[in-house]
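S.K.: structure, please.
(2 chains)
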Amino acid sequence: MSETLADDPIVALQTKFPAATSRDSRDHPAVNVPIAEAHAALQWLRDEQGYDFLVDVTAVDWSETTSPRFTTVWHLYSTSNHVYIRVAADCADDAEPSAPSITSLWPSANWHERETWDLMGVKFENHPDLRRILMWDEYPHHPLRKEFPLAGIETELPDIEVAEETNAKVISAPMMGGPFVASNKGEMNMTDAEPRAKDESWNEKKPKPE
Amino acid sequence: MPTELNVPDAAAKTAEAASQEFETEKMSLAMGPSHPSTHGVLRLQLELDGETVTKCDPVLGYLHRGDEKIAENMTYNQFVPYTDRLDYLAPLANNAAYAAAVEQLANLEVPARCQSIRVITSELARVSSHLMGLGAYGIDVGAWSVFLYSFTEREKLYTLFEELTGARFTTSYSRIGGVARDMPEGWTDRVLEFCEQFLPILDEILKLLTRNKIFMDRTVDVGVITAEDAIGYGMSGPNLRGSGVKSDLRKDRPYWGYDQYEFDVPVGSKGDCYDRYLCRGEEMKQSVSIIRQAIAKLPGGSYYAEDARKIFAPRKDKVMSSMEELINNFMIVTEGPQMPAGEVYFEAENPKGTLGFFIVSKGGGVPWRMKIRGPSFCNLSILPHICKNELVSDVVSILGSLDFVMGECDR
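M.R.: Below you'll find the model as predicted:
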């Protein structure tokens, strides 16, 4: 890839959208745009620069203490020039981040945005059908946020009504003893908590139970 | 006085009945999550008017394991086994694509031999994935015997995989900066032997379907996706090329030296289920050709980047004989391969489409954020659009032709 081709889209974008700044990237050209101009910038890239393929819509959480906390990232690809571009926009509100929906530009954005809303909690304005997609509709958390623990948070399972109807007891999988669950501040002995370790609690000083 | 019999004209009565509007009710039908044609755990919430689908709402997430969250909490090498479980029908291709993404972050070029090994394994994975897709598609539309043939061939491939990686299914063959081990002695000969006997059998398998009247009735002009729609819905792989878009990253943005091999990219003309099937069949032949070329040109040298001392763990004999290497090994195992800060996006042409990894690093051995673009996720997003006004039986045909796998769709 020649240097001029790689630099072109950003310079061109900056003449059209002066607020756009170049973004650090280790591979493809990348650009920061103000969130209010994101929709227009993406549309311009599609119509004028030949970036006809929306690869990906996602968001990054820069941790609870950082502001702006969430950045929405779009990856575009040109099926004719075979180049990528990364467009990023910081979400204004740290507590309730939102970004413009580009479903009207690419229908594929529909599911990507639903996934980003589901897992990261970024609300896409003017999305036709912003429901959760991977987690169930009543799920209360956004698991990819940094404050969400890896082990998960116990929540009510989706089929509560079914359980009431059938009188069946719905038990969620135990959190403790899972592969990623460490002992909570020394409250629990790991050997007790980890079922796989139970039978191996013996050593040279403690004999193997018969 | 004789009573007058009132016998209404039967034809008139029928005509009257036909003119009346019957109140019909739409039926809601859940297809899946456990349905043979949904290939895993996909649920299609269908709204039916008779046998015609008026609305299709795919329900995903039954196989969601939070791979992206898990990736943020472990080192780059530890995540390799998780990539097996994305597209679990082509784990070798996933392993290599993931490693290439992380290497792009480190700006690390792997040696030519490693690149060739990755090309050979990825193409073998493509053949095995397409064989599975073809066999399952045959069953979906009522041709059982295809599956028996293609599964026999896939079994031979799995024997080769087992010899190479130690596992048949979950191979975990890549490491950041190389592959887990070099190819065993004589393995490439056995791959060539497989290729030799595979091509005639592939022709036989395709002969069972390509001019099969029943198969053509069920696939030709069914589930037509225009080139515009295919791009708009972010489709990739044979599904995109079936719609006539000549887009293949192996040609367009060659990685691992794909530009030194001669191969064709088959494209469809109409974008129906039949075209997608034809593309897969032809792609297997092209893959075999690539494998043969790669083995013929196989360079010597190392199978891992020897200069990347903070990334690829040193060989066992070096660890045991040198203090420095021992420390290095310890650091890579406990803290992970050390990566610079930055953002990269890499995608590879996998059997199901382009599998992409967007990695945000703040430096160190653990990614800050890793987004996985599963091709099946994007390929399925077109379902509400193309299933509308199709028959229920055609939905089965369309699903099979998209050849998706839920492991990478739900991640």
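
S.K.: what residue is smack in the middle of chain A?
M.R.: Compute the mean C-alpha point of chain A, and by CA atoms, centre = their mean the closest residue is A:Met120, 4.6 Å away.

S.K.: what's the closest non-adjacent residue to it?
M.R.: The shortest distance from A:Met120 to any non-neighbouring residue, by CB to CB, 6 or more residues apart in numbering or on different chains, is to A:Ala59 (4.4 Å). (Each C-beta comes from the backbone N, C-alpha and C, glycine too.)

S.K.: now whichever strand or helix holds the one you found: buried residues?
M.R.: Secondary structure assigned from DSSP states H and E places A:Ala59 in strand A:53-61. Buried residues in strand A:53-61, counting neighbours by 16 or more other CB atoms under 10 Å in any protein chain shown, are found at A:Phe53, A:Leu54, A:Val55, A:Asp56, A:Val57, A:Thr58, A:Ala59, A:Val60, A:Asp61.

S.K.: mind checking pLDDT for the residue nearest to the fourth one when sequence neighbours are not counted?
M.R.: Just to be clear, that refers to A:Asp56. Spatial nearest neighbour of A:Asp56, excluding adjacent residues (CB to CB, 6+ apart): A:His75 at 4.2 Å. Model confidence at A:His75, given as pLDDT, is 93.

S.K.: make sure I have this right: A:His75 is in a helix.
M.R.: No - with the criterion set as DSSP: H, G, I helix; E, B strand; the rest coil, the secondary structure at A:His75 is strand rather than a helix.

S.K.: relative to A:Leu105, how far out is it?
M.R.: In this structure, A:His75 and A:Leu105 are 14 Å apart, going by CB to CB, to the nearest Å.

S.K.: quick one: which of the two has more around it?
M.R.: Taking neighbours as other CB atoms under 10 Å in any protein chain shown, A:His75 and A:Leu105 compare with A:His75 leading, 25 against 17.

S.K.: quick one: residues contacting the more buried one.
M.R.: Taking CB atoms under 8 Å, 6 or more residues apart in numbering or on different chains as the criterion, A:His75 is in contact with A:His28, A:Leu54, A:Val55, A:Asp56, A:Tyr84, A:Ile85, A:Arg86, A:Val87, B:Tyr345, B:Gly356, B:Phe358.

S.K.: if you set the cut-off to 6 Å instead, what comes out?
M.R.: The neighbours of A:His75, taking CB atoms under 6 Å, 6 or more residues apart in numbering or on different chains as the test, are A:Val55, A:Asp56, A:Arg86, B:Tyr345.

S.K.: okay, the first one: pLDDT?
M.R.: What it means is A:Val55. As summarised for this prediction, A:Val55 has a pLDDT of 92.

S.K.: quick check: it touching A:Tyr77?
M.R.: Yes - taking CB atoms under 6 Å as the definition, A:Val55 is a contact partner of A:Tyr77 at 5.0 Å.

S.K.: what separation is there between B:Ile359 and B:Tyr345?
M.R.: As defined by CB to CB, B:Ile359 lies at a distance of 8 Å from B:Tyr345.

S.K.: likewise for B:Ala136?
M.R.: Relative to B:Tyr345, B:Ala136 is positioned 31 Å away (CB to CB).

S.K.: looking at those two, which is more packed in?
M.R.: Summary of the neighbour comparison: B:Ala136 and B:Tyr345, criterion other CB under 10 Å, with B:Tyr345 having more neighbours (26 against 20).

S.K.: what is the burial count for the residue of chain A found nearest chain B?
M.R.: Relative to chain B, the nearest point of chain A is A:Ser108 (3.3 Å; CB to the nearest CB). By other CB under 10 Å, the residues close to A:Ser108 number 27.
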